[in-house]
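using only what follows, build the 3D model:
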Amino acid sequence: MRQVLIYPGGDGYWVAECPSLPGCISQGKTKEEAIRGYIAALEEDNLPVPRERFKTPVLAV
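Residues are numbered from 1 along each chain as shown. A predicted model of the protein is given here:
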């Protein structure tokens, strides 16, 4: 499980940013879709998937 910052984009999709995956800024219908796409791209390029290291509590207001 990864922590994701997700907010509505201007085109009806969600924008997802994942702090523990450097450069992971993408769009998708869900946050899971955006993260899976990023991880798949890393694996296709034979790059390691960074470990989750984000330990700050998240507060949604």
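
for residue 22, which non-adjacent residue is closest in space?
Once flanking residues are discounted, residue 22 sits nearest to residue 50: 6.7 Å by CB to CB, 6 or more residues apart in numbering. In short, each C-beta sits where N, CA and C put it, glycine included.

confidence score at that neighbour?
Note on residue 50: pLDDT of 74.

helix or strand for residue 7, which one?
strand 5-8 (DSSP states H and E).

after that strand comes which helix or strand?
strand 14-17.

still on that earlier bit, can you name every helix or strand that the strand holding residue 7 contacts?
On a contact count with 3 or more CB pairs under 8 Å, 6 or more residues apart in numbering; DSSP states H and E, strand 5-8 meets strand 14-17.

what lines up beside the strand it packs on in the sheet?
Using DSSP bridges, the strands paired with strand 14-17 are strand 5-8 (antiparallel), strand 25-28 (antiparallel).

which outside residues touch the last one?
With CB atoms under 8 Å, 6 or more residues apart in numbering as the contact definition, strand 25-28 has outside contacts at 9, 11, 13, 14, 15, 16, 17, 34, 37, 38.

now the third one: how far from residue 47?
Separation of residue 13 from residue 47 (CB to CB, to the nearest Å) stands at 25 Å.

for the two, indicate the residue with more neighbours.
residue 13 (15 against 10; other CB atoms under 10 Å).

and the pLDDT at that one?
Looking at residue 13, the pLDDT reads 80.

ok, residue 47 next?
With respect to pLDDT, residue 47 has a value of 81.

does it belong to a helix, a strand or coil?
Here residue 47 is recorded as coil under DSSP: H, G, I helix; E, B strand; the rest coil.

who's in contact with the residue nearest to the spatial centre of the chain?
What sits nearest the mean C-alpha location of the chain, by CA atoms, centre = their mean, is residue 18, with 3.6 Å. Residue 18 is in contact with 2, 3, 4, 5, 24, 34, 35, 38, counting by CB under 8 Å, 6+ apart.

fine by me, we can end here.
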